[in-house]
Structure formats: structure tokens, C-alpha cells
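[1] Sharing a model prediction with you, sequence too.
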Protein chains: 2
Amino acid sequence: MGELINVSALVFDAYGTLFDVHSVSAALEARFPGRGAELSERWRVRQLQYTWLRSLMGRYQDFWRVTGDALETACASLHLRLEPRARDELMQAYLELAPFADVPGALLQLSGYRRAILSNGTPRMLAAVVQRAGLDKDFDAILSVDEVGIFKPHPQAYELAPRHLKASKEEILFVSSNHWDIQGAKAYGFRAAWLNRGGAPAEALGERHNLEVSTLAELAERLKS
Amino acid sequence: MGELINVSALVFDAYGTLFDVHSVSAALEARFPGRGAELSERWRVRQLQYTWLRSLMGRYQDFWRVTGDALETACASLHLRLEPRARDELMQAYLELAPFADVPGALLQLSGYRRAILSNGTPRMLAAVVQRAGLDKDFDAILSVDEVGIFKPHPQAYELAPRHLKASKEEILFVSSNHWDIQGAKAYGFRAAWLNRGGAPAEALGERHNLEVSTLAELAERLKS
């Protein structure tokens, strides 16, 4: 763990890392019985693709807008009709995501570090889930890429963390369940811990994580040693 | 068609637009019986995602490398073992793609325009499929984003066409079967015709195509009127 010796701050991705998007799938299944899993997959794939494509095209729109657009196209791709009321209800699910069970305890164990969230989500979206989970006091900063108008993995998005935390890149350990996000963070200059909750295969983008763990509790353990 | 009145050059995307990637799926199915379709989908999704992610991260590698990386990760995600010989054989399929049946005739009908290819593919990959199809003389230029080291839909990729064709943006009609590529081209400033061969739903990236056709023959017809 020599390369993590200078780490003084932990910066967490939000969706899939701290907050479980499974409840969104459940809402989709309730609304479109038998199609929830497929629709959830298509929504998530497009949500991410639209962030990358808009960033490359120089046509930023915030994550709330992109998430709604992705939902509409995902439904259209499956020939599912999305009524305005269903749309509102499904979008609402994004404001009510629960944290993974290991999050509150691990954040407490990691309270010796400065802790922040760095997410594609809008400030409003992030505030909603953090408050609902009662985690307001566990973070020194909640950073949204909306401030710079470009999504991860562009370096300008990651640059928000050293700027707001007044820390050097090398002092920051970035934690995400998305391996592409981990590699973006490494390319930028952070240390990075891949929270591989589901045993996903590594993506091939030319960068390596410093650490791989399967729960946040395991991360807390590993940082102690 | 008033907005197309000044068009003097047609710029075509390659994969899925002029060249049919179906033969790649067939090679996958032969190698991994019963898994070809799923593997093909995963390979293609990752191939594109890696071009976008590497472009955003500032970590360009050429399309041959990205395509090979994507194949390996797609196989790993399905727990399929990829032997070096199978890898070579599947990659080779990319150098032997056939043009769609309507391509040679339509290019002839469109010979009153300057015509070019603008693709993510490397010069070697593009030369291989164009020569094999006997289309060398149908194009004034074969342009690869490899020259600028960033993939579509970044504006620098599209900018290759006006530069090499010595034409203004407004004189160029960009043709692609990928709706995200069409919207990238529009954001850059081209006119754009969406060749929607499969009746795909529109993607929501904030730009509109000037024209939608289902075959290249239909495009030739529409440009005459």
C-alpha cells in the first residue's frame, strides 16, 4: 500500500458506488411488468452514453435532463409508451435512491480522512439522496460536474476535487464502482480504488487501479493496514 | 430540400453505413455457437464506448487497438475464453467486411458530388475494405480520425472533411447510419442525412438531421428532387 501512504482525502462517485440504483429497476418493473430489467439496462447505457457524447460534442446539458432524455429513448427503443405521469414517477425514483447497506458504517470508519462526493448528478439530485440517507455530515464537500459543464471522465470534472478540497491530486483516493470512472481518475492523476461490488470484468482503457475491493467495509479495512 | 441546395460533397461514415458488420457477427457465431449475437452486441457497444471514453480522457489509441481491446473485454464479460488464434481470426473479419448491396449503385448515381469517407477506422482498416469492395475510384478522399488522434463526435474529427475537400461545412452532407454520429456532424455544422437502415429510434442529443432515408438508393433519389 506504499502508493497510498500520502492519501488524506477520499472522493466518492455517487450512483452505483454510494447509492443503489436497484430501486429504479424496481420502479421500472412495477410500471412495465416483465420489461423492468431490460429497460433499466437500456436506460442506464443511454444515460452514460449521452453524457460522453454531449461532452465530446460540446453540447452539455445537466444530468437531470440527460437522464430524462435517456429514459424516453430507452422506452421508444422497446416500443413502450411513456405517459407523462409515469415519466415523473420514474424520474422521482432517482431522487429517492437508498445508500448501499455498508455505506453509513464505512463512512464512520473512514472519518479520519476528508470525504467528498464527485458525481455527474446535479446539485439538486445529489442533495436529495444525501439528505434522505442522513449523510449530510459525513461529507466535507458534495461536488457536481455541473459546475464545469462537462461530464466524467474529462479531466476538468476530476479537477473539481483538488480545487475544492485544497489537496494535491496525489493526496486523493478516488472510489468508484465504474471501472471506466476509475481509469479516468487515474489518467487525471488520482489514486483510485475500484469498488467492484458485482465482480465485473475490468475495462480496457489503459490505466490500472491501485486497489480493488468488493465492499466499502473492505476499503476501510485495507486503508488501516 | 432548400437547406441542401448548396451541397457539393457527400461524406460517408464507414461501419454500418457503407460496410455491413454482419459478417463479423457470423464469424463470432461460428467461433462461439449460440453466443454470437450477444457477443457481437457487447463487442460493438464497448468498441464505441472506448472511443468516446479514450477521447474524453485524452488517451487516444487507434481503432484497431480499441477494437481488439473491446473484443477481449466483451469475451471476458461472458466468461468466454479467447484464444490468440480466434482473436486474430475475429479481428481479420473487420478487414473483410462487405459493402451493403445498395452501395456500388448509389455511389455511381451520386457521382455528380465529390464523395469521401470519414471514419474512426485506421487508414489500413479503411483501405482494406474499400479495395476489397472495388470502390477505390468512387472516393475523392478516405479520411481517418487517426490523423487528428480523437474520435467522433469531437468536432476535430469532422473538421478533417472540409480541410481535405477544400469545402465549407455548409457544402457538406454527412451520411451515417449512427444517429449519434449524425447529431455530432450537425453540432459541428454539416448538413446530415440519417441512413436509418434498421428503423432505429432517434437518439436524444439535441440536434436534428436534415433528411432520413432507409437506403442509399433512396438518398440518391431524394437528392435529385
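    Ah, there it is.
[2] Can you name the residues of chain A sitting close to chain B?
    With Cβ under 8 Å from any Cβ of the partner chain as the criterion, chain A comes near chain B at residues A:45-46, A:49-50, A:52-59, A:61, A:69-70, A:72-73, A:76-77, A:151-155, A:180, A:183-184, A:187-188, A:200-207. All C-beta atoms are positioned from the backbone trio N, CA, C, and that covers glycine.
[3] ok, of these, which come out buried?
    Applying 16 or more other Cβ atoms under 10 Å in any protein chain shown to the residues of chain A next to chain B, the neighbour count classes A:46, A:49-50, A:52-57, A:59, A:61, A:69-70, A:72-73, A:76-77, A:151-155, A:180, A:183-184, A:187-188, A:202-207 as buried.
[4] Just name whatever secondary elements the worst-scoring helix or strand of chain A on mean pLDDT is in contact with.
    Within chain A, confidence by mean pLDDT, DSSP states H and E is lowest for helix A:22-31 among all helices and strands, at a mean of 90. Helices and strands touching helix A:22-31, by 3 or more Cβ pairs under 8 Å, 6 or more residues apart in numbering or on different chains; DSSP states H and E, are helix A:36-57, helix A:84-93.
[5] got these as CSV, with mean pLDDT and distance to A:G105 columns?
    Written out in CSV, the entries for those read as follows (pLDDT from 0 to 100; distance: least, Cβ to Cβ, whole Å):
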stretch, mean pLDDT, distance to A:G105
helix A:36-57, 95, 27
helix A:84-93, 96, 25
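[6] Chain A - how does it break down into domains?
    Domain assignment of chain A by automatic domain parsing yields the ranges A:2-20+A:97-224, A:21-94.
[7] In JSON lines, list those domains along with distance to B:S23.
    Putting these into JSON lines (distance: least, Cβ to Cβ, whole Å) gives the following:
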{"stretch": "domain A:2-20+A:97-224", "distance to B:S23": "24"}
{"stretch": "domain A:21-94", "distance to B:S23": "25"}
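[8] Let me know which of those is tucked in deepest.
    Greatest average neighbour count among the domains of chain A goes to domain A:2-20+A:97-224 (a mean of 19), per mean count of other Cβ atoms under 10 Å in any protein chain shown.
[9] so for it, what's the average pLDDT?
    Confidence for domain A:2-20+A:97-224, expressed as mean pLDDT, is 96.
[10] so where do the strands sit in chain A?
    Across chain A, reading from the start of the chain, the strands by DSSP state E fall at A:9-12, A:19-20, A:98-99, A:114-119, A:141-144, A:172-176, A:191-195, A:211-213.
[11] strand partners of the fourth one, parallel vs antiparallel please.
    Just to be clear, that refers to strand A:114-119. Its sheet considered, strand A:114-119 pairs with strand A:9-12 (parallel), strand A:141-144 (parallel) by DSSP bridges.
[12] I'd like those written out as TSV, with distance to B:A141 added.
    As requested, the strands paired with strand A:114-119 are exported to TSV (distance: least, Cβ to Cβ, whole Å):
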stretch	distance to B:A141
strand A:9-12	45
strand A:141-144	43
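[13] Just the CA trace of the least confident helix or strand of chain A, in PDB.
    The C-alpha trace of helix A:22-31 is given here as PDB (Å, rounded to 0.1, in the frame of the first residue of the first chain):
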ATOM      1  CA  HIS A  22     -31.700  -1.000  -7.900                       C
ATOM      2  CA  SER A  23     -34.700   0.800  -6.600                       C
ATOM      3  CA  VAL A  24     -35.000   2.500 -10.000                       C
ATOM      4  CA  SER A  25     -35.200  -1.000 -11.600                       C
ATOM      5  CA  ALA A  26     -37.900  -1.900  -9.200                       C
ATOM      6  CA  ALA A  27     -39.900   1.200 -10.100                       C
ATOM      7  CA  LEU A  28     -39.500   0.300 -13.800                       C
ATOM      8  CA  GLU A  29     -40.700  -3.300 -13.300                       C
ATOM      9  CA  ALA A  30     -43.700  -2.100 -11.400                       C
ATOM     10  CA  ARG A  31     -44.600   0.300 -14.200                       C
END
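[14] Touching that helix from outside, list them.
    With Cβ atoms under 8 Å, 6 or more residues apart in numbering or on different chains as the test, helix A:22-31 has contacts from A:35-37, A:39-40, A:43, A:86, A:89-90, A:93-94, A:96-98.
[15] dump the residue contacts of A:G199.
    Neighbour list for A:G199: A:S214 [criterion: Cβ under 8 Å, 6+ apart].
[16] Next, it: phi, psi?
    Backbone dihedrals for A:G199, given as degrees, to the nearest 10, come out at phi 60, psi 40.
[17] go on, A:D140?
    Reported as degrees, to the nearest 10, the phi and psi values for A:D140 are phi -80, psi -30.
[18] check contacts around it.
    For A:D140, the residues meeting the contact criterion (Cβ under 8 Å, 6+ apart) are A:9, A:114-116, A:165.
[19] wait, isn't A:S144 in contact with A:S119?
    Yes: using Cβ atoms under 8 Å, A:S144 and A:S119 qualify as a contacting pair, with a distance of 6.1 Å.
[20] any common contacting residues for the two?
    Overlap between the neighbourhoods of A:S144 and A:S119 consists of A:L126, taking contacts as Cβ under 8 Å, 6+ apart.
[21] Does A:E72 touch A:L90 like I think?
    No: the pair A:E72 and A:L90 fails to qualify as a contact (Cβ under 8 Å) at a distance of 10.3 Å.
[22] returning to what we had before: turn the strands of chain A into a markdown table, columns for distance to A:L82.
    Converted to a markdown table, the strands of chain A look like this (distance: least, Cβ to Cβ, whole Å):
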| stretch | distance to A:L82 |
| --- | --- |
| strand A:9-12 | 32 |
| strand A:19-20 | 23 |
| strand A:98-99 | 24 |
| strand A:114-119 | 25 |
| strand A:141-144 | 26 |
| strand A:172-176 | 30 |
| strand A:191-195 | 32 |
| strand A:211-213 | 38 |
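[23] measure A:Y113 to A:R31 for me?
    As judged by Cβ to Cβ, to the nearest Å, A:Y113 and A:R31 stand 40 Å apart.
[24] With adjacent residues omitted, what lies nearest to A:E203?
    A:H179 (4.5 Å; Cβ to Cβ, 6 or more residues apart in numbering or on different chains).
[25] can I assume the one you found is in contact with A:A202?
    Yes: the pair A:H179 / A:A202 is scored as a contact, 5.7 Å apart, by Cβ under 8 Å.
[26] Off-centre distance for stretch A:107-117?
    The chain centroid and the centroid of stretch A:107-117 are separated by 17 Å, computed with Cα atoms, centre = their mean, to the nearest Å.
[27] oh, I was asking about stretch A:174-186
    Using Cα atoms, centre = their mean, the distance from the centre of stretch A:174-186 to the centre of the chain it belongs to is 9 Å.
[28] Equivalent analysis for stretch A:31-50, please.
    Remark: stretch A:31-50 is offset 17 Å from the chain centroid, using Cα atoms, centre = their mean.
[29] now swap in stretch A:20-30 and tell me
    Averaging C-alpha positions (Cα atoms, centre = their mean) puts stretch A:20-30 16 Å from its chain's average.
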